[in-house]
Each structure stands twice: as structure tokens, then as C-alpha cells.
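# Model the following, please.
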Amino acid sequence: MSTATLDANGINRKKLFAGACMALLPTAFSFALVSNILIQLKTEFILTNSDVGYIGGAALWGMALSLLFLGPFLEKFGLKVAATGAFIFHLLGVTLFLAGAPLAGDPSGFWVLFAGAIGMGIGNGLIEVTGNPLTATLFPDNKTTKLNHFHAFFPGGMVLGGLLGWGMVQIGSIGSFQISHWTIQIAIIYIPIFLYGYMLLSEKFPKTELAEAGVSMGEMFKYTFTHPLVLLLIFIKMVTVSLELGPMRWIPAVLESAGLHGMLVFVWITGLMAVLRLFAGPIVERLAPTGMLFCASILTALGLLMFSTFESGTFKLMFAATVFAFGVAFFFPTMVGVMSERFPRAGSLGIVLMIGAGMSASGYLQGLMGGIADRHLPEAMDQQRVVQVMEQVEQRYPGYIADAEAVSDNPQALADLGYRAADAQNVLNHNETALDYYRNEGELSGPLTGNALRSIVDGGLPQETELASEAGAIVGPADNYGGRMAFRWVMPIALIVALFFAAMYLYDRKRGGYRAVKLDDGTPGTGGA
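Below is the predicted model:
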């Protein structure tokens with residue numbers, strides 16, 4: 001290796017940063033591709049919706065484990081150990097997930113898939129633990145811009161992984177080789193894993209900023225948990241991550257019910273986010289990080305308002321998606337940059353607490369938005385039409401259950417029937433519960449009615465395709481309306497966050513502009529305190 005590429009400490013900054021960016025691709029690919037294969041897993045492994053939900057969520061749990069239980073001790077074991085751990089867990093997770101293939105149909109297959117997803121999630125979390133402090137250490141005078149560049153590879157990887165998965169499904173097979181099978185889609189993740197392993201693991205890593213400055217872990221913990229502005233910034237991060245990931249979870253579903261391909265809108269938003277982060281430098285220089293975050297909050301609120309208002313129309317919905325993307329693109333990396341630049345004594349602990357707390361809060365907002373959407377469903381439903389559909393289930397589905405139970409010990413007859421007794425029983429239970437509420441209260445329950453109609457659509461009974469179509473025609477527009485109402489309820493949160501960032505921006509202006517704090521800066525109340 002030419003010494004011209006190394007700095008005075010023997011560190012190849014460009015290669016380390018490129019490797020860290022590449023290491024975000026397994027995270028992005030796993031999010032996109034695991035979501036893409038859940039239906040295949042459900043069919044091949046004979047799993048319930050709950051089972052595949054646990055597999056899909058396991059990656060997030062693994063990520064939370066590494067962020068919250070390993071991340072705070074990064075200063076102790078160092079950046080290279082964390083990067084090596086990420087590589088090992090990524091490799092172990094993908095391999096274990098694929099090892100479940102021979103166990104299709106066996107109950108143990110679920111646990112192998114679940115463990116593989118946990119392993120991938122731990123690898124994903126360790127890359128966040130490594131990549132953010134590494135970027136801040138490599139570029140101490142340009143943290144916010146380079147963190148935006150680093151985080152561009154997650155949405156960019158989501159687009160690439162999503163398009164790869166979609167393309168493989170569309171192609172199906174090449175000769176006798178079925179490239180759409182879930183094992184091939186998951187095996188694709190090996191490519192970026194080996195690439196970043198090659199780029200990172202042979203290199204010398206720098207010490208973190210705190211380790212280089214001789215700040216102990218005890219000092220870091222004390223500073224982080226006693227500094228009110230650090231704690232406030234972590235709380236605001238919980239809100240901004242929720243504003244990004246909460247609506248992003250619901251936008252495709254809401255737009256699907258409006259007749260627009262939700263996944264294409266998702267790809268458009270994430271693609272824009274990647275491009276915007278790559279070109280964040282001039283915006284940072286023009287507005288400063290706090291000014292960027294203020295503008296991001298206003299644009300996010302405007303995008304959510306548009307989504308809540310526009311019921312249909314491709315151009316209008318795509319415009320809303322564009323405004324929303326311009327808003328949320330800068331939240332995640334810029335807030336990490338502000339923590340690292342303004343409060344460097346919080347070190348890696350401040351960063352991983354921001355990310356871990358933000359991820360946890362976003363899951364809560366997703367559930368909150370779902371609850372708001374469900375409560376508004378009856379407002380967009382014809383009550384008489386809904387009751388008629390549910391009463392048809394009440395009348396006919398007991399017979400379907402009896403038919404399936406009669407042939408439960410005959411696999412061929414059950415296959416010819418096209419459903420299991422449990423499938424029909426699930427539909428009947430949801431509809432009877434919703435009907436009981438209606439008969440007792442004299443009104444429809446949004447959550448119960450929504451679940452009842454969705455169970456008919458997803459029930460899979462070939463004998464009731466017309467009823468499933470009728471249920472879908474009712475619940476689709478209602479889901480669109482409920483989702484739009486959820487966006488409207490969430491929108492004011494973005495405006496409240498905007499007030500916080502406006503106050504920070506004006507405070508900086510009063511003091512002569514935004515200023516990054518150095519570890520040797522002894523200014524009271526700042527990172528050097």
C-alpha cells in the first residue's frame with residue numbers, strides 16, 4: 001500500500017470511510033429482502049402471520065441489543081473490535097437464516113430463522129455502533145456533512161435491495177435455477193458483507209476521540225447522564241426518528257389503498273433521501289446543522305399535511321412524497337452530527353443512546369398511528385354494508401370449519417379443499433367479536449371491524465372470493481382515510497420540533513453562529529464542560 005494514502009498515524013481514512021459506508025448495505029439489504037420474502041416463508045414453513053411478524057421484527061430486536069448493551073462500551077473495546085463483531089454476526093446471521101431451509105415444515109425451522117434474523121440484527125446494530133463514531137473520528141472538522149454521506153448508504157441500499165428483490169421475483173427463474181426463491185434473495189447479502197470485511201478488517205483503526213483525549217468511560221457516563229442538553233437532544237432524537245420511520249411504515253399501505261403502488265413511492269422517498277444526504281455539504285455550510293433541522297421539521301410537517309389532505313391523484317401524492325423526503329432526509333445523520341460536534345464528551349455513548357432510543361420510540365409511534373387510523377375507520381364505512389358482510393361470515397363459516405375438520409387427517413383432501421379449519425376459525429372469531437360489539441354498543445368499533453374485514457381478505461378461502469372482494473372494497477378506502485387522519489394527528493409534532501430547532505438556531509446566531517466544540521474547549525455548558 002502506498003504511504004501516500006495514510007495519514008501521520010498510519011490510518012487510511014478514505015478506505016475506512018468507504019468500508020464503513022459499504023457496511024451499511026447488509027443492514028439495508030436485510031430490511032428490504034426479509035420483508036420481500038415473508039410470504040414465501042409463511043407458505044414454505046407453514047407459519048402464521050404472527051410467526052412471520054416475529055421473524056421480521058427480530059432484526060430490530062437484535063439491533064437494539066447491540067446498540068443498548070454493547071454500544072455504550074465502545075470506548076472500552078475499540079472501533080476495530082466492534083467492526084469485527086459486526087462482520088462475524090452478519091456472517092453468522094445470514095448463514096444461520098439459510099440453514100433453516102432444510103427444516104421447512106418442521107417446527108424447529110421457525111426458531112432457526114428467528115435466530116438468524118437476531119444475528120443479522122446484532123450485526124446491523126454493531127455497524128451503527130462502529131460507523132457513527134468512526135466517521136466523527138475520521139472527520140473531526142466536518143462531522144455533520146460526512147455523517148450525512150455515511151447515512152446516505154442506508155436509504156440507497158434500501159432502494160438497491162428492494163429493486164434486486166423485486167427484479168428477482170419478476171424474473172422468477174433462469175432455466176431450472178429459481179432466483180426468486182427466498183434462499184437466493186438472502187444469499188445476496190453475503191456480497192456486501194464480504195466486501196466491507198475486505199475493506200475494513202485489514203486496516204488500522206483510529207482510537208475514538210475520547211480515547212485519544214484520555215477521557216475515561218466514567219467521565220463519559222457521568223457527563224452524558226447529567227448534562228440536561230444532552231438528555232434533551234436524546235429525547236428530541238426519539239421524536240425525529242419517529243417522524244421519519246413512523247410515517248414511512250404507513251405511507252406505502254395508505255397509498256396502496258389510494259390506488260398508487262406504495263412500494264414505488266417508498267423507493268422514490270428513500271432514493272431522494274440518499275441523494276440529498278450525499279449533497280448535504282453545501283446545505284450544512286449555508287444553513288448550519290440547526291438551520292437544516294429547522295427546515296427539515298417544517299418540510300416534514302408540510303409533507304404530512306399533504307398526505308393527510310390528498311385522497312388520490314398520482315401527481316399530488318408524489319409531490320407530497322417529495323416534500324416529505326426533503327424533510328426527513330437530514331434528521332437522522334444531522335442530529336448525530338450535532339451531538340458529536342456540540343457535546344463531544346458524550347462520546348459514543350451519546351450517539352448510541354440517541355440511535356437506540358430513537359429506534360425504540362419509532363416503534364411506539366408506528367403503533368400509535370395504527371391506533372389512530374383504526375379509530376377513524378368507521379367514519380369512512382357504510383355501516384349497513386359492513387354488517388351484512390360480517391353476518392354472511394357468521395352464517396357460512398361454521399360450515400367451512402366443519403368441512404375442514406372432517407378431512408383434517410387426509411392431507412390430499414385438505415389440499416383440495418384449499419384451507420385449514422384454523423384459517424376459517426380465525427375469520428369467524430374476528431367477525432363474531434366485531435358483531436358482538438356492534439350489537440351491544442350500536443356502533444362499529446374501528447379496530448375490531450378493521451380486523452374482521454382484513455381477516456376475510458387474507459383468509460384464503462377459495463370458496464369466498466366474492467365476499468373477500470367485497471370486504472376489500474370496504475376496508476381499502478377506509479384504511480386510506482384512517483391513515484390520512486393519522487398523518488394529520490402526527491403533523492403538529494413536527495411543528496413542535498421545529499420550534500426547538502428554531503430556538504437553537506437563533507441562540508447560535510446570537511452567539512456569532514454555529515460552533516463545533518473541541519474536547520479541549522473549556523467553555524462552560526458545552527462539550528468541553
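
# Buried residues, the lowest-mean-pLDDT helix or strand in the chain. List them.
When the helices and strands of the chain are scored by mean pLDDT, DSSP states H and E, helix 49-65 comes last with a mean of 78. For helix 49-65, the neighbour count (16 or more other C-beta atoms under 10 Å) marks 51-52, 54-56, 58-60, 62-65 as buried. Any C-beta I mention is one placed from the backbone N, CA and C, and that applies to glycine too.

# What is the nearest of those to Asp403?
Closest approach between the buried residues of helix 49-65 and Asp403, by C-beta to C-beta: Asp51, at 25.1 Å.

# any idea how far the closest one is from Ala99?
18 Å (C-beta to C-beta, to the nearest Å).

# Do a quick rundown of the helices in the stretch 201-350 of the chain.
209-213, 217-226, 228-257, 262-278, 281-309, 314-328, 331-342, 347-376 (DSSP state H, counting those that start in this stretch).

# Pipe the ones you listed into TSV and attach mean neighbour count and mean pLDDT per row.
Below are the helices of the stretch 201-350 of the chain laid out as TSV (neighbours: other C-beta atoms under 10 Å; pLDDT from 0 to 100):
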stretch	mean neighbour count	mean pLDDT
helix 209-213	19	87
helix 217-226	15	94
helix 228-257	21	84
helix 262-278	20	87
helix 281-309	21	95
helix 314-328	20	92
helix 331-342	26	95
helix 347-376	21	84
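
# what's the closest of the ones you listed to Leu134?
Nearest to Leu134, of the helices of the stretch 201-350 of the chain and by C-beta to C-beta, is helix 347-376 at 9.6 Å.

# any idea of the angle whichever helix in the chain runs longest forms with helix 314-328?
Secondary structure of the chain per DSSP state H: the longest helix is helix 465-510. Helix 465-510 runs at 40 degrees relative to helix 314-328, counting by axes from the mean of the first three to the mean of the last three C-alpha atoms, to 10 degrees.

# If you count contacts, what does helix 465-510 end up packed against?
Applying 3 or more C-beta pairs under 8 Å, 6 or more residues apart in numbering; DSSP states H and E, we find helix 465-510 packed against helix 228-257, helix 281-309, helix 347-376, helix 383-406, helix 446-458.

# Mind doing that once more with 6 Å?
helix 228-257, helix 281-309, helix 347-376, helix 446-458 (3 or more C-beta pairs under 6 Å, 6 or more residues apart in numbering; DSSP states H and E).

# nearest to Pro492, of those?
Of all the helices and strands packed on helix 465-510, helix 281-309 sits nearest to Pro492, with 7.5 Å by C-beta to C-beta.

# Could you give the average pLDDT over stretch 78-90?
For stretch 78-90, mean pLDDT is 96.

# what's in contact with that stretch?
By C-beta atoms under 6 Å, 6 or more residues apart in numbering, the residues outside stretch 78-90 that reach it are 26, 74, 119, 122-123, 126-127, 129-130, 134, 193, 197, 200, 205.

# Just those: which are in helices?
Among the contacts of stretch 78-90, DSSP H puts 26, 74, 119, 122-123, 126-127, 129-130, 134, 193, 197, 200 in helices.

# Between which two of those is the distance greatest?
Taking C-beta to C-beta, no two of the ones in helices among the contacts of stretch 78-90 sit farther apart than Gly119 and Leu134, at 22.0 Å.

# between these two, who's got more neighbours?
Leu134 (28 against 23; other C-beta atoms under 10 Å).

# Turn the ones in helices among the contacts of stretch 78-90 into JSON lines, columns for pLDDT.
As requested, the ones in helices among the contacts of stretch 78-90 are arranged in JSON lines below (pLDDT from 0 to 100):
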{"residue": "Pro26", "pLDDT": "96"}
{"residue": "Leu74", "pLDDT": "92"}
{"residue": "Gly119", "pLDDT": "96"}
{"residue": "Ile122", "pLDDT": "95"}
{"residue": "Gly123", "pLDDT": "96"}
{"residue": "Leu126", "pLDDT": "96"}
{"residue": "Ile127", "pLDDT": "96"}
{"residue": "Val129", "pLDDT": "94"}
{"residue": "Thr130", "pLDDT": "96"}
{"residue": "Leu134", "pLDDT": "96"}
{"residue": "Ile193", "pLDDT": "98"}
{"residue": "Gly197", "pLDDT": "97"}
{"residue": "Leu200", "pLDDT": "96"}
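
# nearest to Ala424, of the residues you listed?
Gly119 (36.7 Å).

# How about the contacts made by the closest one?
89, 92-93, 96.

# try 7 Å this time
Applying C-beta atoms under 7 Å, 6 or more residues apart in numbering, we find Gly119 in contact with 62, 89, 92-93, 96.

# go on, Phe205?
Counted by C-beta under 7 Å, 6+ apart, Phe205 has contacts 16, 78-80.

# and the residues you listed, which of them are in strands?
Using DSSP state E, no member of the contacts of Phe205 sits in strands.

# re earlier: can you check which of the helices of the stretch 201-350 of the chain gets nearest to Gly165?
Short answer: helix 262-278, nearest of those by C-beta to C-beta, at 10.1 Å.

# Residues contacting that closest one, please?
With C-beta under 7 Å, 6+ apart as the test, helix 262-278 has contacts from 148-149, 151-152, 155-156, 158-159, 162, 251-253, 255-256, 318, 321-322, 324-326, 328-330, 333.

# quick check, distance from that helix to the centre of its chain.
How far helix 262-278 lies from its chain's middle: 14 Å, per C-alpha atoms, centre = their mean, to the nearest Å.

# For that helix, list the C-alpha coordinates in CSV.
Taking Å, rounded to 0.1, in the frame of the first residue of the first chain, the C-alpha atoms of helix 262-278 are listed here in CSV:
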residue,chain,number,x,y,z
GLY,A,262,-46.9,2.1,-2.4
MET,A,263,-43.6,0.4,-2.9
LEU,A,264,-42.7,2.6,-5.8
VAL,A,265,-43.4,5.7,-3.6
PHE,A,266,-41.2,4.1,-0.9
VAL,A,267,-38.4,3.7,-3.4
TRP,A,268,-38.8,7.3,-4.6
ILE,A,269,-38.6,8.6,-1.0
THR,A,270,-35.6,6.5,0.1
GLY,A,271,-33.8,7.3,-3.2
LEU,A,272,-34.3,11.0,-2.7
MET,A,273,-33.1,10.7,0.9
ALA,A,274,-29.9,9.0,-0.3
VAL,A,275,-29.2,11.7,-2.9
LEU,A,276,-29.9,14.6,-0.5
ARG,A,277,-27.6,13.2,2.1
LEU,A,278,-24.8,12.8,-0.4
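
# In CSV: the helices of the stretch 201-350 of the chain, plus distance to Leu103.
Output for the helices of the stretch 201-350 of the chain, formatted as CSV (distance: least, C-beta to C-beta, whole Å):
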stretch, distance to Leu103
helix 209-213, 44
helix 217-226, 43
helix 228-257, 30
helix 262-278, 30
helix 281-309, 42
helix 314-328, 39
helix 331-342, 37
helix 347-376, 29
